[in-house]
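> predicted model follows, preceded by the sequence.
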Amino acid sequence: MNLETQKRMAADILGVGKSRVWLDPDRNTEISTAITRDDIRRLIQDGAIKAKPKKSVSRSRARKRQEQRKKGRQSGPGTRKGAKKGKKSEKREWIDKVRPLRRKLKEYREEGVIDSRLYRELYRKVKGGAFRSKAHLETHLKNKGILEEEE
């Protein structure tokens, strides 16, 4: 019993591919007598012909991987592609280091912790790359006796 024609018509009516059309094996004789599109529509309403659900790739592994990446995992040397500075350019690293330092210096100047002469001196040192971080700058100022050490 060849049901290719019925399958093709059903696929067209349902708006799916032929591989997604399911024909009820118990009602093969009834389906084989259906020769018009109206017959096929009636069989679809009766439930003798149905469209199978779409198959798709599961995202569960991808979601799990994203969760791990949020925690900082999955970023070792085996994952990286491209140049050493590919993740973050040297310029961006410099910007991210210098801006907070300059902001901190401005803050100290406005609070009166340092005068404008010392501000300029430290500003130039920041530009020269003398300080690694804000903490390093604070340590320098504490060693100079400009900032009091908190206990």
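Noted; the coordinates are in hand. Residues are numbered from 1 along each chain as shown.
> shaky segments in this structure?
150-151 (pLDDT under 70).
> now the residue nearest in space to the middle of it: how far from residue 60?
Closest residue to the average C-alpha location of the chain: residue 66 at 7.0 Å, with Cα atoms, centre = their mean. Here residue 66 is placed at a distance of 11 Å from residue 60 (Cβ to Cβ, to the nearest Å). C-beta: built from backbone N, CA, C; applies to glycine.
> which residues does the top helix by length along the chain contact?
The residue-count maximum for a helix in the chain (DSSP state H) belongs to helix 90-111. The contact list for helix 90-111, computed with Cβ atoms under 8 Å, 6 or more residues apart in numbering, reads 114-116, 119, 122-123, 126-127, 131-134, 137, 141.
> change it to 10 Å
When contacts are defined by Cβ atoms under 10 Å, 6 or more residues apart in numbering, helix 90-111 is touched by residues 84-85, 87-89, 113-116, 118-120, 122-123, 125-127, 129-134, 136-138, 141, 146-147.
> please enumerate the helices of this protein.
Secondary structure of the chain (DSSP H): helices located at 4-14, 28-33, 37-46, 60-70, 90-111, 116-127, 134-144.
> from residue 39, how far out is the residue of the chain positioned farthest from its centre?
No residue in the chain has its C-alpha farther from the mean C-alpha position than residue 33, which lies at 53.0 Å (Cα atoms, centre = their mean). Separation of residue 33 from residue 39 (Cβ to Cβ): 8 Å.
> what do you get for residue 126?
Note on residue 126: its distance to residue 39, by Cβ to Cβ, is 83 Å.
> what's the answer for residue 7, then?
Where residue 39 is concerned, residue 7 sits at a distance of 13 Å (Cβ to Cβ).
> identify the contacts common to the two.
Contact with both residue 7 and residue 39 is made by residues residue 31, according to Cβ under 10 Å, 6+ apart.
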